[in-house]
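Visitor: give me the fold of what follows.
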Amino acid sequence: MNRTAATNIACIGYRAQDMLLEVQFHQDGRRYCYQEVPEELWYRMKQAESLDTFFNTFILNRYEEQSWGS
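Guide: Predicted structure coming up:
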């Protein structure tokens with residue numbers, strides 16, 4: 001996972017072979033795994049001007065998620 005400068009998102013990571021996006025949040029340290037996220041979307045996310053806005057627009061509530069503790 002890579003640290004970010006985003007307001008809400010602490011770290012992000014991606015496993016291309018599984019199409020899994022991992023996101024950890026600053027607020028509570030919880031990590032979420034989003035399934036079937038295309039690799040192209042991962043690249044766009046990394047280049048987004050606002051990581052938080054990109055996540056809310058293109059990932060949240062669009063991909064199945066699983067969460068686990070900090």
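
Visitor: when you work out contacts or count neighbours from here on, use the C-alpha atoms and nothing else.
Guide: Fine.

Visitor: list the buried ones in stretch 21-31?
Guide: Leu21, Glu22, Val23, Gln24, Phe25, Arg31 (16 or more other Cα atoms under 10 Å).

Visitor: show me how far it is from its chain's centre.
Guide: Distance, stretch centre to chain centre, for stretch 21-31: 8 Å (Cα atoms, centre = their mean, to the nearest Å).

Visitor: circling back: I'd like the buried residues of stretch 21-31 written out as a markdown table, with distance to Thr4 added.
Guide: Shown next, in a markdown table, are the buried residues of stretch 21-31 (distance: Cα to Cα, whole Å):
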| residue | distance to Thr4 |
| --- | --- |
| Leu21 | 14 |
| Glu22 | 13 |
| Val23 | 10 |
| Gln24 | 10 |
| Phe25 | 10 |
| Arg31 | 14 |
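
Visitor: of those, which pair is most distant in space?
Guide: Maximum pairwise distance among the buried residues of stretch 21-31 (Cα to Cα): 13.2 Å, between Leu21 and Phe25.

Visitor: burial of Thr7, as a residue count?
Guide: 12 (other Cα atoms under 10 Å).

Visitor: would you agree it is in contact with Thr53?
Guide: No - taking contacts as Cα atoms under 8 Å, Thr7 lies outside contact range of Thr53: 10.1 Å.
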